[in-house]
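Novice: output the structure for:
(chains A and B)
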Amino acid sequence: MLLSPDDWQALLLTLKLATTVTVSLLLLGTPLAWWLARNPWKWTRTLGALVALPLVLPPSVLGFYLLLFMGPDGVIGKLMHALHLAALPFTFNGLVVASMLYSLPFMVQPLQSAFESLGNRPLEVAATLRASPLDAFFTVALPLTLPGFMAAIVLTFAHTVGEFGVVLMIGGNLPGITQVASVSVFDHVQSLEYHAASRLAAIMLLFSVLVLIPVYGWRAHREQHSQHD
Amino acid sequence: MTEHTPSSLIEAKFYLPRRNFLLDVQFTLPAHGICAIFGASGSGKSTLLRCMAGLERAPNGYCKIHQHVWQNEKTWLPTHQRPIGYVFQEASLFPHLTVKQNLQYGVRRIPAPQHDPQHDNVVSHIIQLLDIEHLLPRKPQKLSGGERQRVGIARALVIQPQLLLMDEPLSALDDARKQEILPYLERLRDELSIPILYVTHNQHEVMRLADHILLLDQGRITLNSPLTEALGQSESPFSMVQEASVLLHTRVAQIDTAWQLARMDFAGGSLWLRNENLSVGQSVRLEVLARDASLVRERPQHTSIQNILPATIAHIGSGKHPALALITVHVGDTPFLVQISRRAAHDLQLAPGQNWWLQIKTAALVR
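Specialist: Numbers count the residues shown, from 1 in each chain, chains lettered A, B, ... in the order given. Presented below is the predicted three-dimensional model:
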């Protein structure tokens, strides 16, 4: 085998985390992006800026605040305790919550701009053709903003895979629970295991390239196609 | 023309303040034929149409069609529950669907109780009426502007709406494309029994298509009347907006092949016109401009003017310029407008009730 069992575990955990985060963000981020795109009030702009905060905030800073809030004395920590739920720091669920916050703009922003450029008209047309708003979303808005969805999903997934600082702050480095691939690489380097580090790093590089090529290829194909029309 | 019960009316009332203007309208319209909603841009005609469709919500508004209430204090039907068809300024076809799928989109969503067993026939009739059969497998991107708008109209019609709302359906097209679509709209008016509200700022479209006119100015209604009446009154707001003229609903009664002339009959008389591909029995709209008509006391014997009709003066009004008078005369039951100078009206001592001869220099087919 190319990789040690621990490294395999870290890779699988990374995939599990990225998938969970992407699916959850798709379900939460789509209505949020829809609402931000279609309500041009002043304070939706403010909220939009808040969504973008993780883009500029150092991950370790975000992780630090999350740790503070999720800890036994934090607001979220107390709430979890009152609800008899397990504390979030250093658990997989904690990683999911932290990663969702961290990757939120990568899901919301491409969707929001796709919905904005879609405009009102196609939905009004659908309504005059007897489609309810939900029906119109799935049969008109969704197919017409598919490139936006593709971009949002790929960016969110890839961003979660590549995340390091937040994971380290919230999850620590517990094999099988919170030790993801990016942390493993760091771990190997720290222990001077350069061969193990380079194998894992190569796999992640390969994975990233494989994910991006079809997406960008598809986009270019679409753009060329629509120019042709 | 079928008989219409008093219940086939469109009644509405909307009050909608907007940043730049206020829509404040209340009206009753006949629910048959084409009613043109006419006004300058920014007069609120599109907003009015959007209120009818439920795309805009005017609080405390009221909207009732054929005894069905769409909006009042207690009721609000969202757009997708109103039995309307809507044609937008740009065809707005769904780009991810073919023409056929665009047509089917609404058909699939007709509520079951409204489903008509004859529906397949209706769909093929509309496809034939708008001549889009050959376009069905194509994507909207592969259509010309005129073709797209025909598909847009067909898509609104195949769901068998009780009211068709058209928001400047021709204004995005160039003149050639307009001429391509207008005959189809005439066919819709003449062959389907769907009332149409037609928003436009183009006088020619009004003259050619409308049966009724609703004139809007800065969010208020300044005229609500049948088109022929609106034109026949010398001081109606519509004749103030456009060049004074009357509209005649005529039928081709006779073709004189030797002289290439056609005799057009209307209620009260007939006119001879150049034969431009007309056939006997065809109904045609004619426009007679007030400046192309004149009055003469004795029937002239030696004149080049071919159309001379006995007329009775009904009203003497003022024209747009202070030097002008606009005389309404009746030929049988049909009103005509004559534009002369006020001095001529004074010198000839024109007065209502007098019988004169009406000379018409030209009458134009509205097409």
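
Novice: please save the CA atoms from the helix or strand where B:Leu23 lies in PDB.
Specialist: According to DSSP states H and E, B:Leu23 maps onto strand B:22-30. What follows is strand B:22-30, C-alpha atoms only, in PDB (Å, rounded to 0.1, in the frame of the first residue of the first chain):
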ATOM      1  CA  LEU B  22     -48.900  57.100  -9.000                       C
ATOM      2  CA  LEU B  23     -51.100  54.600 -10.700                       C
ATOM      3  CA  ASP B  24     -54.700  55.500  -9.800                       C
ATOM      4  CA  VAL B  25     -57.200  53.800 -12.000                       C
ATOM      5  CA  GLN B  26     -60.700  52.400 -11.900                       C
ATOM      6  CA  PHE B  27     -62.400  51.000 -15.000                       C
ATOM      7  CA  THR B  28     -64.900  48.700 -16.500                       C
ATOM      8  CA  LEU B  29     -64.100  47.100 -19.900                       C
ATOM      9  CA  PRO B  30     -66.000  44.800 -22.200                       C
END
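
Novice: so which bits of that strand are buried?
Specialist: In terms of neighbour count (16 or more other Cβ atoms under 10 Å in any protein chain shown), strand B:22-30 has its buried residues at B:Leu23, B:Asp24, B:Val25, B:Phe27, B:Leu29. Where you see a C-beta, it was placed from the backbone N, CA and C, and this is true even at glycine.

Novice: what sits against the first one?
Specialist: In this case it means B:Leu23. B:Phe14, B:Tyr15, B:Leu16, B:Pro17, B:Gly44, B:Thr47, B:Leu48, B:Cys51, B:Ala58, B:Gly219 (Cβ atoms under 8 Å, 6 or more residues apart in numbering or on different chains).

Novice: show the buried residues in the residues you listed.
Specialist: Listed as buried from these are B:Phe14, B:Tyr15, B:Leu16, B:Gly44, B:Thr47, B:Leu48, B:Cys51, B:Ala58, B:Gly219; burial here means 16+ other Cβ under 10 Å.

Novice: SS state for residue 189?
Specialist: The chain I'm using is chain A. Here A:Val189 is helix, with the state taken from DSSP: H, G, I helix; E, B strand; the rest coil.

Novice: you answered for a different chain; I wanted chain B.
Specialist: helix.

Novice: so it makes contact with B:Ile34?
Specialist: Yes - assessed by Cβ atoms under 8 Å, B:Arg189 is found in contact with B:Ile34 at 5.2 Å.

Novice: these two: which has the busier surroundings?
Specialist: Higher neighbour count among B:Arg189 and B:Ile34: B:Ile34, with 24 against 20, using other Cβ atoms under 10 Å in any protein chain shown.

Novice: separation between that one and chain A?
Specialist: Going from B:Ile34 to chain A by Cβ to the nearest Cβ, to the nearest Å gives 19 Å.

Novice: next up, the contacts around A:Gly171.
Specialist: If you count contacts by Cβ under 8 Å, 6+ apart, A:Gly171 has them with A:Pro89, A:Phe90, A:Thr91, A:Phe92, A:Gly94, A:Leu95, A:Ala98, A:Ile177, A:Thr178, A:Gln179, A:Val180, A:Val183.

Novice: any idea how many residues pack against residue 144?
Specialist: All of this is about chain A. With other Cβ under 10 Å as criterion, A:Leu144 counts 19.

Novice: could you do chain B instead?
Specialist: Residues contacting B:Ser144 under the criterion other Cβ under 10 Å number 12.

Novice: now it, nearest residue through space, not along the chain?
Specialist: B:Arg177 (7.5 Å; Cβ to Cβ, 6 or more residues apart in numbering or on different chains).

Novice: for that neighbour, give me its contacts.
Specialist: Taking Cβ under 8 Å, 6+ apart, we find B:Arg177 in contact with B:Ser144, B:Gly145, B:Gly146, B:Gln149, B:Leu170.

Novice: tell me the phi and psi of it?
Specialist: Main-chain dihedrals, B:Arg177, degrees, to the nearest 10: phi -70, psi -40.

Novice: ok, of the contacts of A:Gly171, which come out buried?
Specialist: Among these, the ones that count as buried by 16+ other Cβ under 10 Å are A:Pro89, A:Phe90, A:Thr91, A:Phe92, A:Gly94, A:Leu95, A:Ala98, A:Thr178, A:Gln179, A:Val180, A:Val183.

Novice: take those and lay them out in CSV including secondary structure, pLDDT and distance to B:Arg155.
Specialist: Listed next are the buried ones among the contacts of A:Gly171 as CSV, based on DSSP: H, G, I helix; E, B strand; the rest coil; pLDDT from 0 to 100; distance: Cβ to Cβ, whole Å:
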residue, secondary structure, pLDDT, distance to B:Arg155
A:Pro89, coil, 85, 56
A:Phe90, coil, 86, 58
A:Thr91, coil, 88, 54
A:Phe92, helix, 89, 51
A:Gly94, helix, 89, 52
A:Leu95, helix, 90, 49
A:Ala98, helix, 91, 48
A:Thr178, coil, 83, 55
A:Gln179, coil, 86, 57
A:Val180, coil, 88, 51
A:Val183, helix, 87, 56
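
Novice: B:Leu182 reaches B:Leu170, doesn't it?
Specialist: Yes - if you go by Cβ under 8 Å, B:Leu182 and B:Leu170 touch, sitting 7.5 Å apart.

Novice: follow-up on the earlier one: among the contacts of B:Leu23, which lie within helices?
Specialist: Among these, DSSP state H puts B:Thr47, B:Leu48, B:Cys51 in helices.

Novice: what helix or strand is the residue of the stretch 151-300 of chain B at minimum distance from chain A on?
Specialist: In the stretch 151-300 of chain B, no residue comes nearer to chain A than B:Ile159, which is 6.6 Å away by Cβ to the nearest Cβ. Under the criterion of DSSP H and E, B:Ile159 resides outside all helices and strands.

Novice: any idea how far A:Thr128 is from the nearest residue to it once chain neighbours are set aside?
Specialist: Spatial nearest neighbour of B:Ile159, excluding adjacent residues (Cβ to Cβ, 6+ apart): B:Gly106 at 4.0 Å. With distances taken as Cβ to Cβ, to the nearest Å, B:Gly106 is found 8 Å from A:Thr128.

Novice: then B:Leu214?
Specialist: Distance, B:Leu214 to A:Thr128, using Cβ to Cβ: 21 Å.

Novice: number of residues surrounding A:Met107?
Specialist: 30.

Novice: next, the contact list for the closest residue to it other than its chain neighbours, please.
Specialist: Leaving aside its sequence neighbours, A:Met107 sits nearest to A:Gly29 (Cβ to Cβ, 6+ apart; 3.8 Å). A:Gly29 makes contact with A:Leu104, A:Met107, A:Val108, A:Leu111, A:Ala152, A:Thr156, according to Cβ under 8 Å, 6+ apart.

Novice: quick one: the last one and A:Ile76, what's the gap?
Specialist: Translated: A:Thr156. From A:Thr156 to A:Ile76 the distance is 22 Å (Cβ to Cβ).

Novice: over to the first one?
Specialist: If you measure A:Leu104 against A:Ile76 using Cβ to Cβ, the figure is 16 Å.

Novice: which of the two has more residues huddled nearby?
Specialist: Set A:Leu104 next to A:Ile76 and count neighbours by other Cβ under 10 Å: A:Leu104 wins out with 22 against 17.

Novice: secondary structure class for the more buried one?
Specialist: helix.

Novice: distance of the residue nearest to it when sequence neighbours are not counted relative to chain B?
Specialist: Counting by Cβ to Cβ, 6+ apart, A:Leu104 lies nearest to A:Val51, which is 5.7 Å off, once chain neighbours are set aside. The spacing between A:Val51 and chain B, counted by Cβ to the nearest Cβ, is 28 Å.

Novice: just how off-centre is the strand or helix carrying A:Val51 within its chain?
Specialist: According to DSSP H and E, A:Val51 maps onto helix A:42-56. How far helix A:42-56 lies from its chain's middle: 16 Å, per Cα atoms, centre = their mean, to the nearest Å.

Novice: next SSE downstream of that helix?
Specialist: Criterion used, DSSP H and E; the element after helix A:42-56 is helix A:59-70.

Novice: which strands and helices lie in contact with that next one?
Specialist: Under the contact criterion of 3 or more Cβ pairs under 8 Å, 6 or more residues apart in numbering or on different chains; DSSP states H and E, helix A:59-70 touches helix A:75-82, helix A:92-118, helix A:165-171.
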